[in-house]
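1. I would like the atomic coordinates for the input below:
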Amino acid sequence: MKESEKEENSSLKISHQIRVRFSEVDSLNIVWHGHYVKYFEEGREAFGRAFELTYLDAKTHGYATPIVKTVLEHHLPLRYGEVATIETTYVNSRAAKLMFAYSITNEKGKIVCTGKTTQVFTNFEANDMTLNLPEFYKNWKEKHDLMHD
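-> Numbers count the residues shown, from 1 in each chain. As a prediction, the model looks like this:
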């Protein structure tokens, strides 16, 4: 199965709404491009709360999950005061990493921005990357029937 098909077939996704704040727009009254990475983070945090996979959960088990790759594509601008919806989809992988796909839409349902992030697991104290699934993450994947892919 191709990675894009996995994203489309994932049952682990969440939608989260945000309102564009004045501090997020530039002199053209559109969201500055760098804020979309922050919106992805808001989507990941909403996903973590909904599916019990937060940054603090990883830290409790001795791991940090730094981002090692971010890809995003801008399609349309968002403006001050608009409500946007961030859809965050978990992308399953056999590797010891967290991957998410994002789609941000405006109030009219039009796609504003899409993207992906990849995070790895590092030992929180030593900052060493692990190549094996941490036990807590393996348990989480089993709970959500994700160990078969």
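
2. just the buried positions in stretch 112-132, please.
-> Val112, Cys113, Thr114, Gly115, Lys116, Thr117, Thr118, Gln119, Val120, Phe121, Thr122 (16 or more other CB atoms under 10 Å). To be clear about C-beta, it is placed using only N, CA and C from the backbone, and glycine gets the same treatment.

3. run the chain-centre distance for that stretch.
-> With CA atoms, centre = their mean, to the nearest Å as the basis, stretch 112-132 stands 11 Å off its chain's centre.

4. alpha carbons only: can I get it in CSV?
-> Extracted C-alpha coordinates of stretch 112-132, given in CSV (Å, rounded to 0.1, in the frame of the first residue of the first chain):
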residue,chain,number,x,y,z
VAL,A,112,-5.6,26.4,2.4
CYS,A,113,-2.6,24.4,3.3
THR,A,114,-1.5,20.7,3.3
GLY,A,115,1.6,19.1,4.8
LYS,A,116,3.3,16.3,6.7
THR,A,117,5.6,16.0,9.6
THR,A,118,7.9,13.3,10.8
GLN,A,119,9.1,12.9,14.4
VAL,A,120,11.6,10.4,15.9
PHE,A,121,11.9,9.1,19.4
THR,A,122,15.0,10.1,21.4
ASN,A,123,15.9,9.2,24.9
PHE,A,124,14.9,12.3,26.9
GLU,A,125,18.0,12.5,29.0
ALA,A,126,20.8,11.4,26.6
ASN,A,127,19.1,12.7,23.4
ASP,A,128,20.0,9.5,21.6
MET,A,129,17.6,8.4,18.8
THR,A,130,16.0,5.0,19.1
LEU,A,131,15.6,2.7,16.1
ASN,A,132,13.2,0.4,17.9
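
5. quick check: mean pLDDT of that stretch?
-> The average pLDDT within stretch 112-132 is 92.

6. so what touches it?
-> With CB atoms under 8 Å, 6 or more residues apart in numbering as the test, stretch 112-132 has contacts from 36, 39-40, 44, 58-59, 62-78, 84, 91, 96-106, 134, 137.

7. isn't there a strand covering Ala126?
-> No: using DSSP: H, G, I helix; E, B strand; the rest coil, the secondary structure at Ala126 is coil, not a strand.

8. and the gap between it and Thr117?
-> Separation of Ala126 from Thr117 (CB to CB, to the nearest Å): 23 Å.

9. nothing else from me, thank you.
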